[in-house]
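K.L.:
model the structure of this input:
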Amino acid sequence: MNAVMRKYGFRDWDSILAAIGRGGLKEGQVVNKLLDEYNKKNKKEITDEEIIGAISEYRDFRHVHKKSKSGIVVEGIHDVAVRFSKCCSPVPGDEIVGFVTRGRGVSIHRTDCINVINLPEEDRVRLIDAEWSITDGKELKSVFTAEIKIYANNRTGVLVDISRVFTENKIDVISMNVRTSKQGTATISMGFEINGVEQLKEIIAKLRNVESVLDIERTAG
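P.N.:
Model prediction:
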C-alpha cells in the first residue's frame, strides 16, 4: 500500500478512495500497482490479503460496475487485465463469474465450471461478480472458443458427418481428439470458434441430428 501512496502522492488510504470518488484516479491503476508490487520477489509489504482487502473496499466504496476492454463488466474494477479460462471456455450468453488470480488479473469462468464449484472455501473471497457487456456485440471480440464432447457409436463415416456440420455452417474447428472404448463408443472432443451461446446451441442441435450421435455436453473444467 505504501508503494501506491508514493506513486500517486497520497498520504493515506482515505485520500486514495476520495480521489477515486472524484474520478481523478482509476480503481484499476491502484489494483494493478498492488499486483505489480505483490509479484516483486523481495517485496514483503504487499500481501495477498491486502490485495483481496483492497478489492473488497472498492466493492463497498463504489457499488458500481465497470467495463473492461474485453467486453466483460466486473464489479468495481476498471481497466484490469481480463482473460477467459480454458477449463470451461465461456462464450457470450453464458452466466459467468470472475476470479481474482495471483498476479494475472481476473480470470472469467462459467458459473457451472467444476473448478469454480469445487473452489476451496478460503479462495472463494477471490470470486467477483462479472457479466457480459449489454451491447450489439460490436464491443466484443468477434469469435470465442467453445469446447464440447460428442458421444457416438463408432460407425464408419461418423467423423465425416460431424465435420460436415461445421463446414456447412462456416465454423472453424481448431482442435479435435477421438477416443474409442472397447464397447465401440467414440468420445469426440472438439474445440471451435463461435460468436456466442445462441450459435453454440444451433450447432449442438444440428449435431444431435447426425446419425449415431448419442449425446453432447460442453466441457466444464
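K.L.:
how far away is Ala220 from Gly184?
P.N.:
From Ala220 across to Gly184, the span is 26 Å (C-beta to C-beta, to the nearest Å). Quick note: C-beta positions are derived from backbone N, CA and C, even for glycine.
K.L.:
kindly report the same for Arg155.
P.N.:
9 Å.
K.L.:
mind checking the end-to-end distance for stretch 173-187?
P.N.:
16 Å (C-alpha to C-alpha, to the nearest Å).
K.L.:
could you look up the SS state of the residue lying closest to Ile174 once chain neighbours are set aside?
P.N.:
Once flanking residues are discounted, Ile174 sits nearest to Gly191: 5.0 Å by C-beta to C-beta, 6 or more residues apart in numbering. Secondary structure state of Gly191, per DSSP: H, G, I helix; E, B strand; the rest coil, is strand.
K.L.:
for Gly191, what are its contacts?
P.N.:
Ser89, Thr145, Ala146, Glu147, Val173, Ile174, Ser175, Met176 (C-beta atoms under 8 Å, 6 or more residues apart in numbering).
K.L.:
let's see that with 6 Å instead.
P.N.:
For Gly191, the contact set (C-beta atoms under 6 Å, 6 or more residues apart in numbering) comprises Thr145, Glu147, Ile174, Ser175.
K.L.:
how far away is it from Arg208?
P.N.:
19 Å.
K.L.:
just to revisit the earlier point, who does the residue nearest to Ile174 bridge with?
P.N.:
Beta-bridge partners of Gly191, counted by DSSP bridges, are Glu147, Ser175.
K.L.:
next one: Val106
P.N.:
With DSSP bridges as the rule, Val106 is bridged to Val82, Val100.
K.L.:
so what's it up against?
P.N.:
By C-beta under 6 Å, 6+ apart, the contact list for Val106 reads Val74, Val80, Val82, Gly98, Val100.
K.L.:
quick one: which of these is nearest His109?
P.N.:
Gly98 (7.8 Å; C-beta to C-beta).
K.L.:
pLDDT (mean, whole number) over the helix or strand the closest one falls within?
P.N.:
Assigned by DSSP states H and E, Gly98 falls within strand 96-100. On average, the pLDDT along strand 96-100 is 93.
K.L.:
likewise stretch 162-170?
P.N.:
pLDDT averaged over stretch 162-170 gives 96.
K.L.:
and it, which residues are buried?
P.N.:
Ile162, Val165, Phe166 (16 or more other C-beta atoms under 10 Å).
K.L.:
out of those residues, which is nearest to Glu131?
P.N.:
Phe166 (28.9 Å).
K.L.:
look up phi and psi at that closest one.
P.N.:
In terms of degrees, to the nearest 10, the main-chain angles of Phe166 are phi -70, psi -40.
K.L.:
what is the burial count for the nearest residue to it once chain neighbours are set aside?
P.N.:
Spatial nearest neighbour of Phe166, chain neighbours left out: Val173 (5.3 Å); criterion: C-beta to C-beta, 6+ apart. Val173 has 13 neighbouring residues, counting by other C-beta atoms under 10 Å.
K.L.:
Val173 and Arg164 touch, don't they?
P.N.:
No - applying C-beta atoms under 6 Å as the test, Val173 and Arg164 come out as separate, 11.4 Å apart.
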